[in-house]
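Trainee: After the sequence you'll find the predicted model.
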Amino acid sequence: MSLLTTNYLTPTGREEAWRFTPLKRLAGLHDLSTLVKENISLSTNRALPSGVSLKVVTASDLPPAYESSDLVTNRIRGNVKDISLLRIEKDSELSQPIHLKRSCGSFAELSKLVIQAGVNSRSTVIIENTGTGEIGEEIEISLEAGASLNFISLQEWDRSAVHLGQHHAIISKDAQFTSFVISVGGSVVRLNPTVEFTGPGSSAELNGIYFATDGQHLEHRIHVNHNVANAKSRVNYKGALSGDQARTVWIGDVFIHKGAEGTDTYELNRNLLLSDGARADSVPNLEIETGEIVGAGHASTTGRFDDEQLFYLQSRGIPADIARRLVIRGFFAEIINKLKNEELEERLMKRIDDELAKAGE
């Protein structure tokens with residue numbers, strides 16, 4: 001474990017990439033004059049199935065597979081000497097998910113994980129972030145030809161945590177990537193789920209839910225890079241906000257290159273404001289360089305709690321607090337039910353119920 005520094009420019013908040021982010025609350029992860037440490041913070045306490053390995057490798061032996069413009073990601077690359085490598089061998093078909101849990105120290109830290117899904121493999125990876133922590137992370141995900149990977153990232157932090165990260169997926173020919181980014185905890189969470197395609201027939205489905213209460217800042221910045229022909233993407237993020245100074249930011253960028261004929265893409269963001277004093281910023285962007293596509297579109301909505309739904313439930317004898325909880329559950333159910341993990345679904349719904357109860361106190 002070593003102290004880290006770098007020579008990049010520290011953002012001031014005037015930059016487009018940082019204008020929504022509360023820089024003073026980032027525990028110095030963005031401030032290049034502040035010392036932070038590297039740490040291997042992800043591990044598993046379960047036996048790994050056959051065909052799966054998790055080990056620590058030297059960063060110089062596994063150079064980055066893509067370029068990043070993210071400051072924290074580049075800070076990690078310039079300074080972290082050891083990274084975690086999760087390898088799923090070719091033709092592996094895993095019936096149970098791979099669970100990784102993060103254990104943070106009492107200091108601001110940087111960490112990197114590489115996930116490699118081999119040819120024609122089928123797997124699910126769940127990363128659980130809980131407790132307190134101040135972390136900048138990079139997760140690089142490579143899907144080889146024909147691979148299928150479900151990637152679930154759970155931000156169930158305590159209210160003091162700070163989490164900045166990039167999750168980048170590289171999707172090969174005929175591979176299928178499905179991600180779920182779920183943020184229901186932390187003081188500041190700022191994640192960049194990004195995707196690029198390297199072969200035809202590849203597809204990505206990016207799902208996300210977030211629930212911000214008093215003073216929380218939850219920011220998700222999605223970028224889908226359609227740079228090959230005949231690839232498909234779907235983005236669907238839903239957020240709810242309740243409490244004074246609850247803040248969310250969603251940026252959705254889709255770029256269809258000139259040579260990406262046959263692209264099929266759509267992105268959607270919906271935000272539900274449950275109280276005064278909450279604010280949701282939603283910015284969908286779509287850039288198209290070719291007209292030879294199957295389809296491309298985006299939509300964004302931000303609205304208040306539907307009093308008619310609440311009245312309907314109350315008129316049938318359901319108490320107001322339970323009716324309110326049912327409406328919120330229904331709002332998130334579309335995405336949570338896709339997890340196809342009953343234990344995880346119930347745990348997340350309970351966390352959302354608890355956050356809603358705290359917001360109403």
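Mentor: Ah, there it is.

Trainee: quick one: contacts for residue 187?
Mentor: Taking CB atoms under 8 Å, 6 or more residues apart in numbering, we find residue 187 in contact with 25, 157, 159-162, 215-217. For glycine as for every other residue, the C-beta is placed from the backbone atoms N, C-alpha and C.

Trainee: switch to 7 Å and redo it
Mentor: Counting by CB atoms under 7 Å, 6 or more residues apart in numbering, residue 187 touches 25, 159-162, 216.

Trainee: And for residue 53?
Mentor: residue 87.

Trainee: Quick check: phi and psi on it?
Mentor: The phi and psi values for residue 53, taken as degrees, to the nearest 10, are phi -140, psi 150.

Trainee: is it in a bridge, and if so with what?
Mentor: Going by DSSP bridges, residue 53 is paired in beta bridges with residue 87.

Trainee: What separation do you get for it and residue 340?
Mentor: Using CB to CB, to the nearest Å, one gets 25 Å for the distance from residue 53 to residue 340.

Trainee: thinking again about what came up before, can you tell me which of the contacts of residue 187 lies nearest to residue 282?
Mentor: If you rank the contacts of residue 187 by distance to residue 282 using CB to CB, residue 216 comes first, at 16.6 Å.

Trainee: hang on, isn't that closest one packed against residue 244?
Mentor: No: contact criterion CB atoms under 7 Å: residue 216 and residue 244 do not qualify, at 10.6 Å.

Trainee: count of neighbours near residue 238?
Mentor: For residue 238, the neighbour count with other CB atoms under 10 Å is 21.

Trainee: Please name the residues that touch it.
Mentor: 209, 270, 331-332, 335.

Trainee: Which members of those are positioned in strands?
Mentor: Residues of those located in strands (DSSP state E): 209, 270.

Trainee: sorry, back to before: apply the buried test to the contacts of residue 187 and list what passes.
Mentor: 161-162, 216 (16 or more other CB atoms under 10 Å).

Trainee: With pLDDT and distance to residue 149 added, can I get those residues in JSON lines?
Mentor: As requested, the buried ones among the contacts of residue 187 are arranged in JSON lines below (pLDDT from 0 to 100; distance: CB to CB, whole Å):
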{"residue": "161", "pLDDT": "96", "distance to residue 149": "26"}
{"residue": "162", "pLDDT": "97", "distance to residue 149": "27"}
{"residue": "216", "pLDDT": "96", "distance to residue 149": "29"}
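
Trainee: Okay, helices next: where are they in the stretch 1-150 of the chain?
Mentor: 71-79 (DSSP state H, counting those that start in this stretch).

Trainee: low-scoring stretches of this protein, by residue?
Mentor: 1-8, 305-314, 359-361 (pLDDT under 70).

Trainee: Give me the most central residue, it.
Mentor: Centroid-nearest residue in the chain, with CA atoms, centre = their mean: residue 181, separated by 3.7 Å.

Trainee: Does that residue lie in a helix or a strand, and which?
Mentor: In the assignment (DSSP states H and E), residue 181 maps to strand 176-183.

Trainee: Need the residues that contact that strand.
Mentor: Contacts for strand 176-183 (CB under 7 Å, 6+ apart): 143, 148-155, 169, 171, 189, 191, 193, 195, 203-210, 218, 220, 339, 348.

Trainee: change it to 6 Å
Mentor: Contacts with strand 176-183, where a contact means CB atoms under 6 Å, 6 or more residues apart in numbering, come from 143, 148-155, 169, 171, 189, 193, 203-210, 218.

Trainee: Next SSE downstream of it?
Mentor: strand 188-197.

Trainee: How are the strands of the stretch 1-150 of the chain distributed by residue range?
Mentor: 3-4, 36-38, 42-43, 52-58, 82-88, 98-102, 108-117, 122-131, 134-143, 148-157 (DSSP state E, counting those that start in this stretch).

Trainee: that older thread, kindly indicate which of the buried ones among the contacts of residue 187 lies nearest residue 21.
Mentor: residue 162 (11.0 Å).

Trainee: Just give me the neighbour total for the closest residue in space to residue 10 that isn't next to it in sequence.
Mentor: Leaving aside its chain neighbours, residue 10 sits nearest to residue 32 (4.6 Å; criterion: CB to CB, 6 or more residues apart in numbering). Applying other CB under 10 Å, we find 18 residues neighbouring residue 32.

Trainee: ok, residue 32 to residue 102 distance?
Mentor: In terms of CB to CB, residue 32 sits 24 Å off from residue 102.

Trainee: now the helices: where do they sit in the stretch 201-350 of the chain?
Mentor: 307-314, 320-336, 342-360.

Trainee: Pipe those into CSV and attach mean neighbour count per row.
Mentor: Shown next, in CSV, are these (neighbours: other CB atoms under 10 Å):
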stretch, mean neighbour count
helix 307-314, 13
helix 320-336, 16
helix 342-360, 15
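
Trainee: Minimum distance to residue 284: which of those has it?
Mentor: helix 320-336 (17.3 Å).

Trainee: Can you list phi and psi of the residue nearest to residue 10 for me?
Mentor: phi -80, psi 0.
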